[in-house]
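Q: got a predicted structure plus its sequence, pasted below:
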Amino acid sequence: MAKTDARPKPDRRKAPTKRAAAGPAVESVNDEAIAARAFEYFVARGGGHGRDLEDWLQAERELRQPTMN
């Protein structure tokens with residue numbers, strides 16, 4: 001009888017490669033930095049509640065916007 005190899009064969013498919021983003025490189029911004037900036041908007045408005053998502057999205061846009069040097 002022929003000897004069979006019972007070990008699974010390794011997956012030789014390549015993982016998809018990430019494409020570089022178009023335009024200037026944007027430094028990675030973490031949630032903590034976004035939260036701090038959103039809190040600044042909250043305080044500047046006098047602490048009015050109910051606009052947390054708006055503050056978060058504005059802070060995220062501002063911090064993720066590529067800087068022009």
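A: Thanks, I have the structure now.
Q: quick check: the gap between Arg61 and Thr67.
A: To Thr67, Arg61 is 13 Å away according to Cβ to Cβ, to the nearest Å. For glycine as for every other residue, the C-beta is placed from the backbone atoms N, C-alpha and C.
Q: should've said Asp52
A: In this view, Asp52 and Thr67 are 26 Å apart by Cβ to Cβ.
Q: the more surrounded of those two?
A: Between Asp52 and Thr67, Asp52 has the larger neighbour count (other Cβ atoms under 10 Å), namely 12 against 8.
Q: now do the contacts for the more buried one.
A: Asp52 sits next to Ala38, Phe42 when contact means Cβ atoms under 8 Å, 6 or more residues apart in numbering.
Q: go on, Glu62?
A: Arg37.
Q: may I have the helix or strand that contains it exported as PDB, CA atoms only?
A: Assigned by DSSP states H and E, Glu62 belongs to helix 52-64. Presented in PDB, the C-alpha positions along helix 52-64 are these (Å, rounded to 0.1, in the frame of the first residue of the first chain):
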ATOM      1  CA  ASP A  52     -22.100  64.300  21.100                       C
ATOM      2  CA  LEU A  53     -22.100  62.600  17.700                       C
ATOM      3  CA  GLU A  54     -21.800  65.900  15.900                       C
ATOM      4  CA  ASP A  55     -18.800  66.800  18.200                       C
ATOM      5  CA  TRP A  56     -17.200  63.500  17.600                       C
ATOM      6  CA  LEU A  57     -17.500  63.600  13.800                       C
ATOM      7  CA  GLN A  58     -16.300  67.200  13.700                       C
ATOM      8  CA  ALA A  59     -13.200  66.300  15.800                       C
ATOM      9  CA  GLU A  60     -12.500  63.300  13.700                       C
ATOM     10  CA  ARG A  61     -12.700  65.300  10.400                       C
ATOM     11  CA  GLU A  62     -10.400  67.900  11.900                       C
ATOM     12  CA  LEU A  63      -7.800  65.500  13.200                       C
ATOM     13  CA  ARG A  64      -7.800  63.200  10.200                       C
END
